[in-house]
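Chemist: Kindly return the folded structure for what I paste below:
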Amino acid sequence: MTDDEALAHLQGTVAFWRVGAATATDVVGAACDCLVAGVDTPTLRILAGVSPVRGSEDDELLRWLPGALAELSLTHYGDDSRKAEEEILRVMARRLLAGAITPRDLTSWVDRFITCAGTPLAGELIDLENAYEYVEAVHELHRQTDTGTAELDAEVVAEARRLLEEA
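Modeler: Numbers count the residues shown, from 1 in each chain. This is a model prediction of the structure:
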């Protein structure tokens, strides 16, 4: 992993952690990956050495994370989970377009971790998740009905592209 890849991985992991889709251990692991890749700052070393203890892992991480991110010129989301959600949407959109996840994986993930109460940027993907659920319900009631999701898949891909173009 190059230093740029390690930094991008750390930034993404922090964003995922802010919305509950990654653990404190994941963030510490990403900090360790940075050190292995040759990225080194004093606070990053401390962050990489944090030993998350169940129940207090977020406290310890929050103590060192802002300084480590500042030293690395990375974004610290603080209490602004909307910014983290927007970053994550773009990470997930890139994963979809790279073929790492399916369109349904993306909409399900957004519905689970961002929800309709999250950033408005997720609204269309949540609507598409609802459409997938409707198609599945129709198929369940009428098994002989062709309930293909190709059109929905195409709409999800188009929405992912739109999200990345707006960045």
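Chemist: centroid residue for this protein?
Modeler: With distances taken as C-alpha atoms, centre = their mean, Ile88 lies nearest the centre of the chain, 3.5 Å away.
Chemist: Where does that residue sit: helix, strand or coil?
Modeler: What DSSP: H, G, I helix; E, B strand; the rest coil gives for Ile88 is helix.
Chemist: The residue nearest to it when sequence neighbours are not counted and Cys34, how far apart?
Modeler: Nearest residue to Ile88 in three dimensions, chain neighbours excluded: Ala15, at 4.9 Å (C-beta to C-beta, 6 or more residues apart in numbering). C-beta here means a position set from N, CA and C on the backbone, and glycine is covered the same way. Relative to Cys34, Ala15 is positioned 15 Å away (C-beta to C-beta, to the nearest Å).
Chemist: in the longest helix along the chain, what's buried?
Modeler: Using DSSP state H, we find that the single longest helix of the chain is helix 123-141. Going by neighbour count (16 or more other C-beta atoms under 10 Å), the buried part of helix 123-141 is Glu124, Leu125, Ile126, Leu128, Glu129, Ala131, Tyr132, Val135.
Chemist: what do you get for stretch 17-26?
Modeler: Going by 16+ other C-beta under 10 Å, stretch 17-26 has these buried residues: Trp17, Arg18, Val19, Ala21, Ala22, Thr23, Ala24, Asp26.
Chemist: okay, now Glu60: neighbour count?
Modeler: When neighbours are defined as other C-beta atoms under 10 Å, Glu60 has 17 of them.
Chemist: Which strand or helix spans it?
Modeler: Taking DSSP states H and E as the definition, Glu60 sits inside helix 57-71.
Chemist: So for that helix, mean pLDDT?
Modeler: For helix 57-71, mean pLDDT rounds to 87.
Chemist: which helices and strands does it pack with?
Modeler: If you count contacts as 3 or more C-beta pairs under 8 Å, 6 or more residues apart in numbering; DSSP states H and E, helix 57-71 packs onto helix 3-18, helix 24-36, helix 42-48.
Chemist: Mind checking the ones you listed for the one nearest to Ala160?
Modeler: Nearest to Ala160 among those is helix 3-18; the distance by C-beta to C-beta comes to 15.8 Å.
Chemist: The residue nearest to Ile88 contacts Met92, correct?
Modeler: No: using C-beta atoms under 8 Å, Ala15 makes no contact with Met92, being 10.3 Å away.
Chemist: out of the two, which sits in the more crowded spot?
Modeler: Using other C-beta under 10 Å, the more surrounded residue of Ala15 and Met92 is Met92, with 26 against 23.
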